[in-house]
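Asker: Quick one: sequence and predicted model below, then my questions.
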Amino acid sequence: MALLEIANVRKSFGSLEVLKGVSLTVEPGEIIAIVGRSGSGKSTLLRCINALEGINSGEIRFRGEPVRQNMKNLRLLRQRMGIVFQSFNLFPHLKVERNVTLAPVLTGKVSKADARELALEVLTRVGLSEKIDAFPGQLSGGQQQRVAIARCLAMSPELMLFDEATSALDPELVGEVLRVIEDMARNDLTMILVTHEMNFARNVSTRLIFMNEGMVWEQGPPAELFANPKTEEFASFIRATKQA
Amino acid sequence: MTGFNLSQILHYQDLFLSGVLMTALLSCIVMFFGSIIGILGAVGVRWGPRPVQYALRAYVEVIRNTPGLIQLFIVFFVLPSFELRLPPFHAAAIAFSIYFGAYAIEIIRAGLDSIPRSQIEAGQCLGITRWEVFRHVICMPALRNIYPAFTSQIVLLVLGTSIASQISAEELFYMGSFVESRTYRSFEVYTFVCAIYLVMVLILKTVFAAGGRILFRWPAHD
């Protein structure tokens, strides 16, 4: 069964229609990179997947179960998918350990006694075990984003969403975060990444999606898509990103 | 009137001491109940149903835009016409709690508003309950953001309890006035009472500053 099915999803903010009938199926183990111009609806789509935004019509199913903003067990569903935000959104008043273990402890995934061990384990995966007792404010942007990834990993999610995870970082810090994501990709974690890092999208994703005007405009294996863009919109987008 | 002479008024040290204790007790009671009103009210204004929001806003506007002295008089002099007769201290505690609560609602609401939406979303996305988001994500940063304003409001409260003397609640200023009427040493009495208020507030501020250092250990800007 598909992990995630998105069928004909429409979403408007007021009179502005941002998603104009998006359909997309994600199989377990896939690494989907979504690229496109700003305003094309990439981030909104991602936020709809875990119901941070409600949808106006269409359907989103996670492991066959419909995702709705007003559903009763939305909480349980969100425990199974992690999201990494552009601006990290770590909790500034909690040490790294607590940031990472807050949800696992509160949801009963891990006992208080085993929490530190879990924190060490996931922090090791992002290469930050030595920062376990630091506050987020004492870390660089790249380190904060890696902690944010560890915070998701601690919940052992079935799906990871990345909403422009490197866009707020200084250029020299982008690499360390991308390396962590790449490492997760090798571990068969299903991921959907909204990104502006075209090289990364090309090298890491198993499927590339080009969104334009609130629709899935083109999709396919990244190498193929980059080599032979089928539409003028995608071709011009590739040209524009190369110039930058 | 010859020179500054405290010896005469210090005969009444027991009265001053009892006044200090009354002022401290009244302040503590009002701080406690006013803060509860403030927390519940702010949560109600922020997340409550519409009618609750309107009612709370009306309460805040009425209390904050009318003289505290009149509010005190209403509780003490008007409620008895409805068969509700309260001793001065009780009336003062109730009136000031209502008064302080309105200011606390505004301060705490501002604190809740100061937490970025993205923080709340990050909490929700972890699959924890709304209460857990409030308790673990919003509470402490909001408290830190309002701490200076809240401290000032409590200082104003302590100083403001002196108007309870107007309904004969036997707090510090009432005792001072009483001693003044016995000794006619206005200068000494009021200087002395002022100094006591000053010391009380300085102690209070020191305690709050220490509390802040213990509670808020994380770097100020993330």
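Answerer: Thanks, I have the structure now. Everything quoted here is computed from the prediction, not taken from an experiment. Numbers count the residues shown, from 1 in each chain, chains lettered A, B, ... in the order given.

Asker: same for the helix ranked longest in chain A, what does it pack against?
Answerer: In chain A, taking DSSP state H as the definition, the longest helix is helix A:171-186. Here helix A:171-186 touches helix A:115-125, helix A:141-153, strand A:190-194, helix A:198-204, going by 3 or more CB pairs under 8 Å, 6 or more residues apart in numbering or on different chains; DSSP states H and E. For the C-beta atoms, the positions are set from N, CA and C on the backbone; glycine is no exception.

Asker: So which of these is nearest chain B?
Answerer: helix A:141-153 (7.4 Å; CB to the nearest CB).

Asker: I'd like the next helix or strand past the closest one.
Answerer: With elements assigned by DSSP states H and E, the helix or strand that comes after helix A:141-153 is strand A:159-163.

Asker: for chain A, what are the nearby residues on chain B?
Answerer: B:118-119, B:121-129, B:132, B:136-137, B:140-141, B:144, B:216-222 (CB under 8 Å from any CB of the partner chain).

Asker: related to what we said a few turns ago, can you add mean pLDDT and give the helices and strands packed on helix A:171-186 back as CSV?
Answerer: Converted to CSV, these look like this (pLDDT from 0 to 100):
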stretch, mean pLDDT
helix A:115-125, 93
helix A:141-153, 93
strand A:190-194, 94
helix A:198-204, 87
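
Asker: quick one: which of those is nearest B:Leu198?
Answerer: The closest of the helices and strands packed on helix A:171-186 to B:Leu198 is helix A:141-153. By CB to CB, the value is 44.8 Å.

Asker: Could you figure out how far the closest one is turned away from strand A:159-163?
Answerer: Using axes from the mean of the first three to the mean of the last three CA atoms, to 10 degrees, the inter-axis angle of helix A:141-153 relative to strand A:159-163 is 150 degrees.

Asker: who does helix A:141-153 touch, helix- and strand-wise?
Answerer: Identification of packing neighbours for helix A:141-153 by 3+ CB pairs under 8 Å, 6+ apart yields strand A:81-84, helix A:96-106, helix A:115-125, helix A:171-186.

Asker: looking at those, which one has the lowest mean pLDDT?
Answerer: Out of the helices and strands packed on helix A:141-153, helix A:171-186 stands lowest, with a mean of 87 (criterion: mean pLDDT).

Asker: Just the residues contacting it, thanks.
Answerer: Where contact means CB atoms under 8 Å, 6 or more residues apart in numbering or on different chains, the residues beyond helix A:171-186 that reach it are A:31, A:125-127, A:140-143, A:145-146, A:149, A:153, A:160, A:162, A:165-166, A:169, A:191, A:193, A:197, A:200, A:204.

Asker: Buried ones among the residues you listed?
Answerer: A:31, A:125-126, A:141-143, A:145-146, A:149, A:153, A:160, A:162, A:165-166, A:169, A:191, A:193, A:197, A:200, A:204 (16 or more other CB atoms under 10 Å in any protein chain shown).

Asker: Of the residues of chain B next to chain A, which belong to helices?
Answerer: Those of these lying in helices (DSSP H): B:Ser118, B:Gln119, B:Glu121, B:Ala122, B:Gly123, B:Gln124, B:Cys125, B:Glu132, B:Met140, B:Pro141, B:Arg144.

Asker: pLDDT at the fifth one, what is it?
Answerer: Each residue has a pLDDT score; the one for B:Gly123 is 95.

Asker: neighbouring contacts of stretch A:30-45?
Answerer: Contacts for stretch A:30-45 (CB under 8 Å, 6+ apart): A:3, A:6, A:9, A:11, A:18-20, A:22, A:24, A:26, A:46, A:53, A:163-164, A:185, A:190-196, A:198, A:200-201, A:204-215, A:217, A:222, A:237.

Asker: mind redoing it with 6 Å?
Answerer: By CB atoms under 6 Å, 6 or more residues apart in numbering or on different chains, the residues outside stretch A:30-45 that reach it are A:11, A:18-19, A:22, A:26, A:163, A:185, A:190-195, A:201, A:205-212, A:214.

Asker: Can you point out the buried residues in the longest helix of chain A?
Answerer: Buried-residue list, helix A:171-186, by 16+ other CB under 10 Å: A:Leu173, A:Val174, A:Glu176, A:Val177, A:Leu178, A:Val180, A:Ile181, A:Met184, A:Ala185.

Asker: quick one: contacts for A:Met191?
Answerer: A:Met191 neighbours (CB under 6 Å, 6+ apart): A:Ile31, A:Met160.

Asker: mind redoing it with 8 Å?
Answerer: A:Met191 sits next to A:Glu30, A:Ile31, A:Ile32, A:Leu159, A:Met160, A:Leu161, A:Phe162, A:Ile181, A:Met184, A:Ala185 when contact means CB under 8 Å, 6+ apart.

Asker: Report whether the third one is found in a strand, as I expect.
Answerer: Yes: counting by DSSP: H, G, I helix; E, B strand; the rest coil, A:Ile32 falls inside a strand.

Asker: so it bridges to which residues?
Answerer: When bridges are called by DSSP bridges, A:Ile32 pairs up with A:Ile192, A:Arg207.
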